[in-house]
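> Starting from these lines, generate the structure:
(chains A and B)
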There are 2 protein chains.
Amino acid sequence: MSGRKLYLEDLAVGDEFRSGEHTLDAEQIIAFAKQFDPQPFHIDEAAAKESYFQGLAASGWHTMAISMKLLVAAIPLAEGIIGAGGEVSWPRPTRPGDVLHVESRVMAIKPSRSKPDRGMVTIRTQTRNQKGEVLQDFTASVLVFARGASVP
Amino acid sequence: MSGRKLYLEDLAVGDEFRSGEHTLDAEQIIAFAKQFDPQPFHIDEAAAKESYFQGLAASGWHTMAISMKLLVAAIPLAEGIIGAGGEVSWPRPTRPGDVLHVESRVMAIKPSRSKPDRGMVTIRTQTRNQKGEVLQDFTASVLVFARGASVP
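Model prediction:
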């Protein structure tokens, strides 16, 4: 947001980033789920009460998508956040009224052996609500370029 | 779809599911990314050409969200697809014009020790395009209930 751009050499293990907030409501939860995850516990409040979730819960991919939006604004990698993959868990459901933010930490940095102008950075991102409860725990491998890298 | 409902005892390691198709275009890619992953290579064709992706590419979470939509229709678990978490990778970008489908396979079934009416099922899902290229490889842990389980 500040115009600051981060390259591989700007990152260190232990670096932390905290995002802004996103307030979720039932309308958003239902709209996302109707398009991408149309299951009763994500789209119908009455049916959700009788489900495992005992009430409306956001699709895990909705929590992830909002987390990504917050991440993009929070970690200004110069060439963007290019994820190769990662591991996710959802310790508890995301609910209407939750105010989400993400907290990220650089866990590892591994320069490429074959291409010295880039490296893989392991970033762990927890998505929390206004009570500090962890709704999603996501560890990703992200491709990060050094200054002066050949992109593309 | 057919009204068939699958319970834990209906699943076996090696069971396979194949979904219908979803045709992706630039408009969908840009609309999703503007909302959830607003990076130049996902929202701007000209900027995308100069990026690592060398052309417009869908957000990985868009590929995931479409895959989830296809999965929900393809695997009729009686209590729904309740994911605890999983591991994802994107071997290649999803592009405008790609026609996606998912192919899933039951990799492991682990009955709960404490609650005999449920178990964790490991399901690997590959998202492929019309050329058979794997765009996403996702292995998830899914909570599956037995017949007569206490839900909620």
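
> can you tell me the distance between the two ends of stretch A:72-83?
Taking Cα to Cα, to the nearest Å, stretch A:72-83 runs 12 Å from one end to the other.

> Just give me how far that stretch sits from the chain centre.
Between the centre of stretch A:72-83 and the centre of its chain there are 11 Å (Cα atoms, centre = their mean, to the nearest Å).

> Give me the residues contacting it.
Under the contact criterion Cβ atoms under 8 Å, 6 or more residues apart in numbering or on different chains, stretch A:72-83 has outside partners A:1-2, A:4-7, A:17-20, A:68, A:71, A:102, A:104, A:123, A:140-145, A:147, A:149, A:151, B:37-41, B:51-53, B:60, B:90. In this view, the C-beta of every residue, glycine as well, is placed from N, C-alpha and C.

> In helices, which of the residues you listed fall?
Secondary structure of those is defined by DSSP state H; positions in helices are A:68, A:71, B:40-41, B:60.

> Between those, which sits nearest B:Val13?
Here the nearest of these to B:Val13, counting by Cβ to Cβ, is B:Gly60; it sits at 28.0 Å.

> For stretch A:96-105, what does the pLDDT average out to?
Confidence for stretch A:96-105, expressed as mean pLDDT, is 98.

> contacts for that stretch?
Here stretch A:96-105 has contacts from A:14-26, A:29, A:56, A:58, A:63, A:66-67, A:70-71, A:74-75, A:94, A:123-130, A:135, using Cβ under 8 Å, 6+ apart.

> Which positions within it qualify as buried?
A:96, A:98, A:100-104 (16 or more other Cβ atoms under 10 Å in any protein chain shown).

> Could you report the separation of A:Val99 from A:Lys115?
With distances defined as Cβ to Cβ, to the nearest Å, the gap from A:Val99 to A:Lys115 amounts to 40 Å.

> cool, and A:Ala149?
Spatial separation of A:Ala149 from A:Lys115 under the definition Cβ to Cβ is 8 Å.

> So these two - more neighbours on which side?
Neighbours were counted for A:Ala149 and for A:Lys115 using other Cβ atoms under 10 Å in any protein chain shown; A:Ala149 has more, 17 against 12.

> What sits closest to that one if chain neighbours are left out?
A:Asp117 (3.6 Å; Cβ to Cβ, 6 or more residues apart in numbering or on different chains).

> what phi and what psi does the backbone show at that neighbour?
In terms of degrees, to the nearest 10, the main-chain angles of A:Asp117 are phi -90, psi 10.

> in terms of contact, does it touch A:Gly148 like I think?
Yes - under the criterion of Cβ atoms under 8 Å, A:Asp117 makes contact with A:Gly148 at 6.9 Å.

> Show me which of those two is the more surrounded one.
A side-by-side neighbour count of A:Asp117 and A:Gly148, using other Cβ under 10 Å, places A:Asp117 first with 15 against 8.

> Please list the residues of chain A that sit near chain B.
Residues of chain A lying near chain B by Cβ under 8 Å from any Cβ of the partner chain: A:35-41, A:50-54, A:59-61, A:64-66, A:68-69, A:72, A:79-90, A:137, A:143, A:145, A:151-152.

> Can you tell me which of those residues are classed as buried?
Of the members of those, the ones counted as buried by neighbours, 16+ other Cβ under 10 Å, are A:36-41, A:51-53, A:59-61, A:64-66, A:68-69, A:72, A:79-83, A:85-90, A:137, A:143, A:145, A:151.

> ok, now which ones touch the residue sitting nearest the centre point of chain A?
Nearest to the centroid of the C-alpha atoms of chain A, with distances taken as Cα atoms, centre = their mean, sits A:Ser67, at 3.4 Å. A:Ser67 sits next to A:100, A:102, A:125, A:127, A:136, A:138 when contact means Cβ under 8 Å, 6+ apart.

> same deal with A:Gly148?
Contacts were defined as Cβ under 8 Å, 6+ apart; by that measure A:Gly148 touches A:Asp117.

> Ok, A:Ser51 next?
Each residue near A:Ser51 by Cβ under 8 Å, 6+ apart is listed here: A:40-41, B:79-80, B:151-152.
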